[in-house]
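S.K.: build me a structure from this.
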Amino acid sequence: MNEPKKAYSYGHLITIATIADEIAIARGTVGHDELRDLAKRFASGELKTPPLFPPHQLWQHGGDASRIGAATPDPDGVWRILFKKTSKPHQSDKDAFNHPPSAYTWHMLAADVYELGQQPVWKTQTAAALRNLACRYNSDLLDEMPEPAAQQPKPAAVEAFPAQAQAAKPLQRGSAQDAMILTAIRKAGHNPLALPVNEPGKAGVKAEIRNALRNEKLFTSSRVFDKAWERLRKQGDIADTD
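M.R.: Have a look, this model is predicted:
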């Protein structure tokens, strides 16, 4: 992976908690247990520890801008602490996806999450979930995705259902549209899960992002963009500020 894709950008930051939850969803388990397993793998050296970054908001550092974009000098220590804090199994459904505060404080870059998904410790579905998560935060990573395997000749009986053979293409296109919108939102300085409510008489974030992506080939019309935007809302990937 080239260095520009691994360069720091606050729009590419993914919390450790989000990564653990994505693994849990892919495996049908719970985030608390997956966070413990992930911390154990990093703390033990089974997985190479990537840089860990603090939040990017100035107020979260008491006005000290020098800390923004600066990786912690002791990432292994962060994982050891997380492993200790998650050493006990979760006790109830309420705790299943309830993580220690440090899991929300520390972030990995999307490019590092993508490379995490390339490690041989994961099964296919979990590896794909990690790579897709990374692409949602950094659409430039989409061209890192492996080429689909060559299709084998179909038996005659399957040919009777040509629509099934073409079903994968819209899904791939939709994922690319989602990733591009989320990346554009972050590049514009917004949090996808806390979008500012439109002021009366003024264009909102949706119009801002639609305009930013108007020349992208994935969005052939405003209607296509609107459908993608609503899909992200239904999926819970974008939401307004409470």
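S.K.: what's next to the one helix or strand Ala127 maps to, contact-wise?
M.R.: Remark: Ala127 resides in helix 124-137, with elements defined by DSSP states H and E. Helix 124-137 has contacts (Cβ atoms under 8 Å, 6 or more residues apart in numbering) with 11-14, 18-19, 22-23, 25-27, 110-111, 113-114, 116-119, 122, 141-142, 144-145, 175, 178-179, 182-183, 186, 237. Heads up, the C-betas are built off the backbone N, CA and C, glycines and all.
S.K.: mind giving me the PyMOL command for buried ones among these?
M.R.: Typed into PyMOL, the line below selects the buried ones among these, using 16 or more other Cβ atoms under 10 Å:
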select buried, resi 11+12+13+14+18+19+22+23+25+26+27+110+111+113+114+116+117+122+141+142+144+145+175+178+179+182+183+186+237
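S.K.: the contacts of helix 124-137 in strands, which ones?
M.R.: Among those, the ones falling in strands (DSSP state E) are Leu13, Ile14.
S.K.: related to what we said a few turns ago, what comes up buried for the helix holding Ala127?
M.R.: Thr126, Ala127, Ala129, Leu130, Arg131, Asn132, Leu133, Ala134, Cys135, Arg136, Tyr137.
S.K.: where do the helices of the protein begin and end?
M.R.: Using DSSP state H, the helices of the chain run over residues 3-6, 16-27, 31-44, 75-85, 101-105, 110-117, 124-137, 162-165, 168-187, 205-212, 222-235.
S.K.: mean pLDDT lowest where, among those helices?
M.R.: Here the lowest mean pLDDT among the helices of the chain goes to helix 162-165, at a mean of 44.
S.K.: just want the most central residue of this structure.
M.R.: Leu133 (3.2 Å; Cα atoms, centre = their mean).
S.K.: any idea how far that residue lies from Ala26?
M.R.: Note on Leu133: its distance to Ala26, by Cβ to Cβ, to the nearest Å, is 9 Å.
S.K.: same check on Leu38?
M.R.: Counting by Cβ to Cβ - Leu38 and Ala26 are separated by 13 Å.
S.K.: with Ala65 as the reference, name the closest of the helices of the chain.
M.R.: Proximity of the helices of the chain to Ala65 was assessed by Cβ to Cβ; the nearest stretch is helix 101-105, lying at 17.4 Å.
S.K.: by contact count, what packs against that closest one?
M.R.: In this structure, helix 101-105 packs against strand 13-15, helix 16-27, helix 75-85, with contacts taken as 3 or more Cβ pairs under 8 Å, 6 or more residues apart in numbering; DSSP states H and E.
S.K.: quick one: closest of those to Ala212.
M.R.: Going by Cβ to Cβ, the one of the helices and strands packed on helix 101-105 nearest Ala212 is strand 13-15, 20.0 Å.
S.K.: what's the spacing between the closest one and its chain's center?
M.R.: 7 Å (Cα atoms, centre = their mean, to the nearest Å).
S.K.: stretch 202-216 now?
M.R.: Using Cα atoms, centre = their mean, the distance between the centre of stretch 202-216 and that of its chain works out at 22 Å.
S.K.: that concludes my questions; thank you for your assistance.
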